[in-house]
Each structure stands twice: as structure tokens, then as C-alpha cells.
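Participant: Quick one, structure for this:
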Amino acid sequence: MSLNKETIPVLFVGAGPGDPELITVKGKNALREADLVIYAGSLIPKGLLKWTKPETKILNSASMHLEEIINEIEKAFAEGKQVVRLHTGDPSLYSAIFEQMAELQKRSVPYKVIPGVTAAFAAAAAMGIEFTLPEISQTLILTRMAGRTAIPEKENLASLAQHQSAMAIYLSISLIDEIAAILAKAYGDQAVCAVVYRVSQPEEKIIVTRLKNLAKKVKDEKITRQAVIIVGKVLDVSHDDLTHKSKLYDKNFKHGHRG
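Facilitator: Numbering: from 1, shown residues only. I've put the predicted structure just below:
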């Protein structure tokens, strides 16, 4: 059966944190069926492209501006081809997909989104931590520092840090001095923190330290990009000193939704 425009929408696919096997099954299948893949080459390892067909056209968006990307997508779509726009991590976080969606909508090009594993969750897996420990922390904040992209004033890091919840800070490692000072003021300079570099990739590096040493550790390791900073009381809890436990598996607690 031949495909038409309604049966093959453009697919925005979350590539995950870098390990080719951490892409979702649905995302991998999309790559296997794709005729055109436009991927964020500065962030996504080429190993992820192993799921594509030999004849698939592959474009690196690192050197492309928005109009060029949309034109390539629209052209391939008009030819009845399956298009995959491959973004690192999960497309809903810091991927600039909304502006691409807006342009596609103007051109009546349908699209769908396939989610992916974001760096904060891959980092938690690598470190063996849980962001939502009972009575320790039930909130996780995902944020970034202002850089070339501004942030709303009410979402500045100092304001968010006052909650002292678990926090994962993206795209901000170049501002490590400022970040360390802000976090130390809110959490205390003895609070444990972590920097996870290129999580799930062969170059993965995990630095666990205290906030007073954070900036120096990052500089000593020469980490300048592709790292997520994690802070929160959940990092202070070891498997040996866990005091509060979930009611989910409490033998004296009645369950309607035990997994």
C-alpha cells in the first residue's frame, strides 16, 4: 500500500542520552523506517544512526538554520517520504521543537512526537539514586541558567534553589562558579552534589562532591559541556541509612495500585 501525507507524519524522536540502546523501541523503529533523518549532530553520537537503512538520507542540523531544516522536511514529506527529526534526550526539554512544529503547522505538515530518556533520569540510573525519596524529597526541578537564552525572572536559580528540592541543572556547566555559589547559599556548602558528563556514553564521568568543592572539581576535570548538575538531599541518603520508606510495599498498608 502506498503511503500518503496523512499516514506518514513527520516524527520528532527523542534519541535519549547517547547510548544507542537507550532510545525507545518506538524511536528505533522510526529510525529503521526513515527515508530522511535530520539529527542534532553536535549532541547525538553517530552510533544512534546505526538503526537507519543504508539508503536513508542523513543530515546534520548543526550547520543548518531553522528555515533550511523546515524546507528539507517539507520537501521530503511532499515526496511521500518518512521524515525523522532526531533530538537528544527528550524532545520536550531544551530542544527547540516547538518553533519547528509551528513552522510545519503553517505549511500544513502533520507531525508526531516520540519521547526519549532525558539526561537527568539517565544520570539517576547511573548513580543509583531516586529523586523522590519519601519524606526527603517529593519534587524534582529541571532548569538551566540564563545564557544566550533568557529565563523568566521568577525562575532564576536562586529562587528555585530556596525550595531545597532535588534539582537537575542543564546546559549551564560553563557557569559553574556562579551556580556553585547560588546552590551553596541555599543548600549549604557541605551539601552533596554531582556532575554527570556524557551520561550513558563511553566517555561518561560522574563526579560526586560537596558544593564548596564543586567549581574546582569541574575545572580540574575540564568539563565544559554536555553535563548535568544534580543537587538535593536525596544525594545524602545511602542505602544503609534510609529511614523513611514508601507505603507502597508496607505490609500494614492497604493497596489499590501496588505494582
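Participant: Run through the stretch 151-259 of the chain and note the low-pLDDT ranges.
Facilitator: Counting by pLDDT under 70, the stretch 151-259 of the chain shows low-confidence ranges at 238-259.
Participant: In it, mark out all the strands, start to finish.
Facilitator: Applying DSSP state E, counting those that start in this stretch to the stretch 151-259 of the chain gives strands spanning 166-170, 192-197, 205-210, 227-231.
Participant: for the first one, the distance to its chain's centre please.
Facilitator: When you say that, I think you mean strand 166-170. Its chain's C-alpha centre and that of strand 166-170 lie 11 Å apart, by C-alpha atoms, centre = their mean, to the nearest Å.
Participant: Describe which strands that strand pairs with in its sheet and in which direction.
Facilitator: The pairing partners recorded for strand 166-170 under DSSP bridges are strand 140-144 (parallel), strand 227-231 (antiparallel).
Participant: May I see these arranged in JSON lines, with distance to residue 83 and mean neighbour count as well?
Facilitator: (Glycine included, C-beta is placed from N, CA and C.) What follows is the strands paired with strand 166-170, written out as JSON lines (distance: least, C-beta to C-beta, whole Å; neighbours: other C-beta atoms under 10 Å):
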{"stretch": "strand 140-144", "distance to residue 83": "28", "mean neighbour count": "17"}
{"stretch": "strand 227-231", "distance to residue 83": "29", "mean neighbour count": "26"}
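Participant: could you dump the ones you listed to JSON lines with distance to residue 50?
Facilitator: Formatted as JSON lines, the strands paired with strand 166-170 follow (distance: least, C-beta to C-beta, whole Å):
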{"stretch": "strand 140-144", "distance to residue 50": "29"}
{"stretch": "strand 227-231", "distance to residue 50": "25"}
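Participant: and of those, who's closest to residue 195?
Facilitator: Among the strands paired with strand 166-170, the nearest to residue 195 by C-beta to C-beta is strand 227-231 (5.3 Å).
Participant: hang on, the earlier thing: tell me which of the strands of the stretch 151-259 of the chain approaches residue 97 most closely.
Facilitator: strand 166-170 (15.3 Å).
Participant: low-scoring pLDDT stretches of the stretch 1-150 of the chain, where are they?
Facilitator: 1-7.
Participant: For it, which segments are assigned as helices?
Facilitator: Chain-ordered helices for the stretch 1-150 of the chain, with DSSP state H, counting those that start in this stretch as the definition, fall at 25-33, 66-78, 97-106, 119-127.
Participant: Pick the most buried one from the ones you listed.
Facilitator: Highest mean neighbour count among those (mean count of other C-beta atoms under 10 Å): helix 119-127, with a mean of 21.
Participant: ok so, going back, for the strands paired with strand 166-170, which one sits closest to residue 170?
Facilitator: strand 140-144 (4.8 Å).
Participant: was I right about residue 84 contacting residue 13?
Facilitator: Yes: between residue 84 and residue 13 there is a contact at 5.3 Å, judged by C-beta atoms under 8 Å.
Participant: Could you name every residue contacting both of the two?
Facilitator: 30-31 (C-beta atoms under 8 Å, 6 or more residues apart in numbering).
Participant: Pull the contacting residues for residue 98.
Facilitator: With contacts defined as C-beta under 8 Å, 6+ apart, residue 98 has no neighbours.
Participant: Can you tell me how far the residue nearest to residue 18 when sequence neighbours are not counted is from residue 176?
Facilitator: Distances taken as C-beta to C-beta, 6 or more residues apart in numbering put residue 201 closest to residue 18, at 4.0 Å, once the chain neighbours are dropped. Using C-beta to C-beta, to the nearest Å, residue 201 is found at 20 Å from residue 176.
Participant: Comparing the two, which shows the higher neighbour count?
Facilitator: The residue with more neighbours, out of residue 201 and residue 176, is residue 176; 22 against 17, by other C-beta atoms under 10 Å.
Participant: my read: that one touches residue 217, true?
Facilitator: No: counting by C-beta under 8 Å, residue 176 does not reach residue 217; the two are 9.1 Å apart.
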